[in-house]
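Asker: Mind folding the following:
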Amino acid sequence: MFQSRCRFGQTAAKTWPQGMKEIISGLVTNTSIQKLNLKGNHIRGDTVEALGMLLRNNKTLTSLCLEWNDLGMLESSFAIFCDGLRANTSLKRLDLRNNQITHCGIKELAEALYCNKTLKAIDLKWNKIGLVGGRALLNLLYQNKTLVTLDLTGNDIPCDIVRSIESVLLRNEEFQFMSNNCKRKTHLLCKKYRNLESDRKNQVIDLLDQLNHAEEDLKKEKKNTGFQFTQLQKLVEEKTEAFNELYCKFTQLELGLSVAQQKLKDQENLNKHLEAKHTDIVHQHQMEASIAKKKSSEKERKLLKELAEASTQISQLEYKVIFFFLCNW
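Answerer: Model prediction:
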């Protein structure tokens, strides 16, 4: 029924209030419309409250034009509209030109925007804001750092307040730029840290695999050595049994036995050497793993320190800017 952007022009101005209310209520659960133009539809009373319900529940609408309507005629209805705006988390632009909004309505709007962290631009031209409403908006901007565009033409607001509002809006714009830049750098640092952490884990896994392979090789070598030793023992027993039968060959058998014992001793020495070498290798790998872990921890602390310093610098700059504007104001 609707495209990504709805417009209601001169023909929409003939829509009955109940029909307009039903249309707005039908958009509450809509998930495709992002921009909605309801200019010049004499929206007032219950229809304004329906708009508040739309803002409270719709999560996709980013731009809403309500120019040339009567949102400010009933303060109670406009308060409900502001409550919906307070709870909204998607709207970025709001056009409220020519809506008979008084300083009382502006106070309600300012109270709502204390909590809203997504709205960036509001057009309030040709309303009835006045001095009191202008001060309410100025006080709001000292707290709301998301709002960067606010058009107040034709509202009988004193020039000094308008200049102060423009200064705070400029500060908000600079703050948003620095905040976005800081978020981008933080994202890059976190991504780099995750890559380093992944590389470190892969290195540790490779090292453990190497240790496991070395241990398996050592077990196989021990098994082969044990088998050879068993065979040698069997041979010695056979030679011993043949001693009584072949006394004449005793000297030769004794010599062969001595040689076999020497081989056994050499093999035992070799086993001890291999075990010592294996111990050294394991110790060396443990040292390398410990050094790698220490380096990773140092990099992590360095990254956290840089993040903390960046956050401190932003806070200091913000305080300096606020102090500067407060002094000038």
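Asker: how about stretch 218-228: buried residues?
Answerer: Under the neighbour-count criterion of 16 or more other CB atoms under 10 Å, stretch 218-228 has residue 218 buried. (Each C-beta comes from the backbone N, C-alpha and C, glycine too.)
Asker: can you check stretch 63-74 too?
Answerer: Judged by neighbour count (16+ other CB under 10 Å), stretch 63-74 contains these buried residues: 63-74.
Asker: Give me the mean pLDDT for it.
Answerer: Taken as a whole, stretch 63-74 has a mean pLDDT of 96.
Asker: Please narrow the buried residues of stretch 63-74 to those residing in helices.
Answerer: Of the buried residues of stretch 63-74, none are assigned to helices by DSSP state H.
Asker: TSV for those residues, including distance to residue 81?
Answerer: Output for these, formatted as TSV (distance: CB to CB, whole Å):
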residue	distance to residue 81
63	16
64	11
65	14
66	9
67	15
68	16
69	11
70	12
71	6
72	10
73	12
74	10
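Asker: Pull the most distant pair out of those residues.
Answerer: Largest separation among these by CB to CB: 63 and 74, giving 24.7 Å.
Asker: now the helices for the stretch 151-300 of the chain?
Answerer: 159-245, 250-328 (DSSP state H, counting those that start in this stretch).
Asker: what helices or strands is the shortest one leaning on?
Answerer: The contact analysis (3 or more CB pairs under 8 Å, 6 or more residues apart in numbering; DSSP states H and E) places helix 250-328 against helix 159-245.
Asker: wait, what's in contact with residue 93?
Answerer: Applying CB atoms under 8 Å, 6 or more residues apart in numbering to residue 93 gives the contacts 62-64, 119-122.
Asker: which residues of the stretch 101-250 of the chain score low on pLDDT?
Answerer: 243-244, 246 (pLDDT under 70).
Asker: Spatially central, which residue of the protein would that be?
Answerer: residue 187 (7.5 Å; CA atoms, centre = their mean).
Asker: measure it to residue 181 for me?
Answerer: 11 Å (CB to CB, to the nearest Å).
Asker: And residue 207, by the same measure?
Answerer: 39 Å.
Asker: Equivalent analysis for residue 214, please.
Answerer: Relative to residue 181, and taking CB to CB, residue 214 is found at 50 Å.
Asker: Also residue 137?
Answerer: 27 Å.
Asker: more neighbours, these two?
Answerer: Taking other CB atoms under 10 Å, residue 137 and residue 181 do not tie; residue 137 has more neighbours (28 against 12).
Asker: can I get the contacts of residue 93 in TSV with distance to residue 97?
Answerer: Output for these, formatted as TSV (distance: CB to CB, whole Å):
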residue	distance to residue 97
62	18
63	14
64	12
119	16
120	17
121	12
122	10
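Asker: Which one of those residues is nearest to residue 220?
Answerer: Nearest to residue 220 among these, with distances taken as CB to CB, is residue 62, at 67.6 Å.
Asker: Now do the contacts for the closest one.
Answerer: 34-35, 90-93.
Asker: among the residues you listed, who's most crowded?
Answerer: Going by other CB under 10 Å, residue 91 tops the contacts of residue 62 with 23 neighbours.
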